[in-house]
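> Here is a sequence with its predicted model. Questions after.
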Amino acid sequence: MATTALPVVEIAKDTYEIDEFDCGSIFVLVGQDKAMVIDTGSGIGDLRGVIARITDKPLVLVITHAHGDHVGGLGWFDEYYMNDKDVDKYAMDGVEFRRNYAGFITQRSGKTYPYDMEADIRPWPDGACPVRHDLEDGQTFDLGGRVVTAMRAPGHTPGSMVLIDPATRILFAGDACNCNTLFGSLPGEPTFVSVEAAGQALKEVYALKGKLWDKCFNGHHDFRPFGQPLDDEVMPNLIACCDDLVSGNYEAETVPGMFPNMPERTVVKKGTVMVTFKEGGIHEPKE
């Protein structure tokens, strides 16, 4: 392969962020007995080789949600944990999606990326069939002297989860909390989560700030420096956007699509946070 060396930085003791060339962030948490891997990016290059240079301990792979830029490297692992509400809702082994996504990233102004779309973004190995274990709200993982807890945070996807590591007081948020947060489904669609429900889940996660976690690392470092946490105002501003949408006290804007040739989207903004939503997806459906 043309690319094997993904950038790595230690963000806390025995805690690493791997940069998949701005396509995604993968985290490795090393305990005394095991190491946890959080997400697998788009599947660019030799992620397993990079992890092997960090630790030789048995790996516990946890997926925050089933989007292709978080599960793209899953085929090089034997088993993983993921919430069942994301099962069968997304094309997890979509090599063309992954190549297209990485191609969109390369169009960023002033950026160059040392990966080859064909050589470095490959289909999963023949016969790859990693075994899924359910990831449940409140589930704990004892890595040896380090216990990590999963917590539900539906919104970006129905099964989105976050991981709390009291040892470093870090919240690993996947795409549940981001400066550019996407809530794009409508009632009746299999991926639907209302803005109302998403905001409530975020409030439950935020209520633990200062108790179990202090810093938040999301699944992409495009709105924060590599190796640095999100600004402290991101989550409260995201919650405020959700509250404004639910109350009807908001001014929507129309902005370009995420990538070239994608349709315009409707957003609300607060500080550095922008939330994409659909008018019919704000409230919980009435029975």
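Okay, I see it.
> Roughly how far does the nearest residue to residue 270 once chain neighbours are set aside sit from residue 153?
Of all residues not flanking residue 270 in the chain, residue 237 sits nearest, at 4.4 Å (CB to CB, 6 or more residues apart in numbering). For the C-beta atoms, the positions are set from N, CA and C on the backbone; glycine is no exception. Separation of residue 237 from residue 153 (CB to CB, to the nearest Å) stands at 16 Å.
> Quick check on the two: which one has the bigger neighbour count.
Using other CB atoms under 10 Å, the more surrounded residue of residue 237 and residue 153 is residue 153, with 27 against 19.
> wait, doesn't the more buried one sit right on residue 205?
Yes - contact criterion CB atoms under 8 Å: residue 153 and residue 205 qualify, at 5.7 Å.
> Common neighbours of those two, please.
By CB atoms under 8 Å, 6 or more residues apart in numbering, residue 153 and residue 205 have these common neighbours: 162, 173, 176, 177.
> since we're on residue 142, how many residues are nearby?
Neighbour tally, residue 142, other CB under 10 Å: 13.
> ok, now which ones touch residue 35?
So residue 35 contacts 28, 29, 51, 54, 55, 57, 58, 59, 60, 143 (CB under 8 Å, 6+ apart).
> Would you map the strands across the stretch 51-200 of the chain?
Remark: strands assigned in the stretch 51-200 of the chain by DSSP state E, counting those that start in this stretch are 59-62, 79-82, 131-134, 140-142, 147-152, 161-165, 170-174, 180-182.
> Now the longest one - C-alpha only, CSV.
The one in question is strand 147-152. C-alpha atoms of strand 147-152 as CSV (Å, rounded to 0.1, in the frame of the first residue of the first chain):
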residue,chain,number,x,y,z
VAL,A,147,-13.1,1.3,33.3
VAL,A,148,-14.8,2.9,30.4
THR,A,149,-18.6,3.4,30.3
ALA,A,150,-20.8,3.6,27.2
MET,A,151,-23.8,6.0,27.2
ARG,A,152,-26.6,6.5,24.7
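> sorry, back to before: drop anything exposed from the contacts of residue 35.
Buried members of the contacts of residue 35, counted by 16 or more other CB atoms under 10 Å: 28, 29, 51, 54, 55, 57, 59, 60, 143.
> Tell me the secondary structure at the spatially closest residue to the first one that is not a sequence neighbour.
When the adjacent residues along the chain are set aside, residue 28 lies closest to residue 16, with 4.4 Å between them (CB to CB, 6+ apart). Judged by DSSP: H, G, I helix; E, B strand; the rest coil, the three-state class of residue 16 is strand.
> Tell me the buried residues in the helix or strand of the chain with the lowest mean pLDDT?
Least confident helix or strand of the chain, by mean pLDDT, DSSP states H and E, is helix 95-105 with a mean of 90. By neighbour count with 16+ other CB under 10 Å, helix 95-105 contains the buried residues 95, 97, 98, 99, 101, 102, 105.
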